[in-house]
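Asks: Below are the sequence and a predicted model for it; my questions follow.
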Amino acid sequence: MINQIGWQLLAKYLSGESSDDENAKVLSWLETDKENQKLLDSMKGVWELPEKDYEPSDVKALWAEVAERAGIKGESKEQIIYKMPDKKQRESIFSIVFRYTQFPVLRYAAVLIMIISIPVLYFLFSSLGDDNLIKWKTITVENSKQSSLTLSDGTILTLDSGSRLQIPENFGIDSREVKLEGEAYFEVKTDPERPFSVYSATAVIKVLGTKFNVRAWNETGKVEVAVTEGKVSFGIDEKPEKLIILNKGFAGSLSKNGELSAPKQIDVNKSPAWMKGEMSFNDVPFSEILAQVERWYNVKFSLTDSTISNERLAVLIYKNSLNDVLDVLTTLTNTQYEYDGNVVTINSAESEK
């Protein structure tokens, strides 16, 4: 798209230095694709950015500053930085900008900064939904299975049934960051120069080297962290001031509404229960328990009485046969169950009378 017109011509157009023929060429280019107009609008959005002096060592600050001022909504500075090209690409781009700004006699010094910055901003805009700038490897664990893997830095992960882990192709180069949907136990390799970060829903967990469990299922919107060795910082991704420190033997949670719990003590010998073939629940809705059973046994549940799903239970279930698990759950909820293939229907005991 952009190679049809060139950044220099667009810069001249915005600065009012283009000729009539060049203006006509730009207008024609705008008419060929609606995305071209969006690109030009994004250039205008940062055209009036106040000048700042940045040293080459301030590369990350420069990118975060420009992206934030460009009006990228819903993204923290950390997320913006994380979506940038890798370190080598950033520094090569910035070195060009820096070199040109040493010569104020150049007529388009400021324009050249825009030429360098805007392509990146355009990609940042377009990548907010699909992470175009970074290629991701996605690991999905099938229901009824668990999976263990070792990352390139030596960190060991164990993923529970139905979990999904995303790893960037540049993992370990500048940083060590992954995305998790589901539940996983991390044994993080110590590296003070590159803290390890886990992003789940709206939460972020940061560590240097430790062992901890993260539970972050979409159906609950809740993120829970339990530390069995070392310590982590845990809190809201976009509010770094709202963080708690979890030491060994403590757990914390972040609710769907953004409420961060106070640390609570746990028995590290019993955590994480799922790795020992146990399902441990404390005052949770019946629907949340059924969701875990679905993942472990690769079945689907159907409730004839939807109110049952809101009943709250505290129960420890061992991963025995599915029938044994259902016997425990239906006894606690005064319900009955029946099979139809891999679909399990839960009926109220009263409806069976």
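Replies: Right, received. Where do you want to start? Numbering: from 1, shown residues only.

Asks: Quick check: buried residues in stretch 236-251?
Replies: 236-237, 243-244, 246, 249-251 (16 or more other C-beta atoms under 10 Å). To be clear about C-beta, it is placed using only N, CA and C from the backbone, and glycine gets the same treatment.

Asks: and the least confident of those?
Replies: Within the set of the buried residues of stretch 236-251, pLDDT is lowest for D237 (79).

Asks: Next one: the residue nearest to that one when sequence neighbours are not counted, what pLDDT does it get?
Replies: In this structure, D237 finds its nearest non-sequential neighbour in V204, 4.3 Å apart by C-beta to C-beta, 6 or more residues apart in numbering. Here the pLDDT value assigned to V204 is 93.

Asks: can you check F123 too?
Replies: Looking at F123, the pLDDT reads 45.

Asks: Over to T32?
Replies: pLDDT, read off for T32, is 77.

Asks: Kindly report the same for the one 10 residues further on.
Replies: The confidence metric pLDDT takes the value 64 at S42.

Asks: Point out where the stretch 201-350 of the chain drops to low pLDDT.
Replies: Along the stretch 201-350 of the chain, the parts satisfying pLDDT under 70 run over 350.

Asks: all strands of it, in order?
Replies: 203-207, 211-216, 223-229, 231-236, 243-247, 250-254, 264-265, 278-285, 300-303, 312-318, 335-340, 343-348 (DSSP state E, counting those that start in this stretch).

Asks: how about JSON lines for those, with distance to L149 added?
Replies: Converted to JSON lines, those look like this (distance: least, C-beta to C-beta, whole Å):
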{"stretch": "strand 203-207", "distance to L149": "18"}
{"stretch": "strand 211-216", "distance to L149": "15"}
{"stretch": "strand 223-229", "distance to L149": "19"}
{"stretch": "strand 231-236", "distance to L149": "20"}
{"stretch": "strand 243-247", "distance to L149": "24"}
{"stretch": "strand 250-254", "distance to L149": "24"}
{"stretch": "strand 264-265", "distance to L149": "30"}
{"stretch": "strand 278-285", "distance to L149": "22"}
{"stretch": "strand 300-303", "distance to L149": "27"}
{"stretch": "strand 312-318", "distance to L149": "26"}
{"stretch": "strand 335-340", "distance to L149": "34"}
{"stretch": "strand 343-348", "distance to L149": "31"}
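
Asks: closest to R164 out of the ones you listed?
Replies: Checking those against R164 by C-beta to C-beta gives strand 211-216 as the closest, at 10.1 Å.
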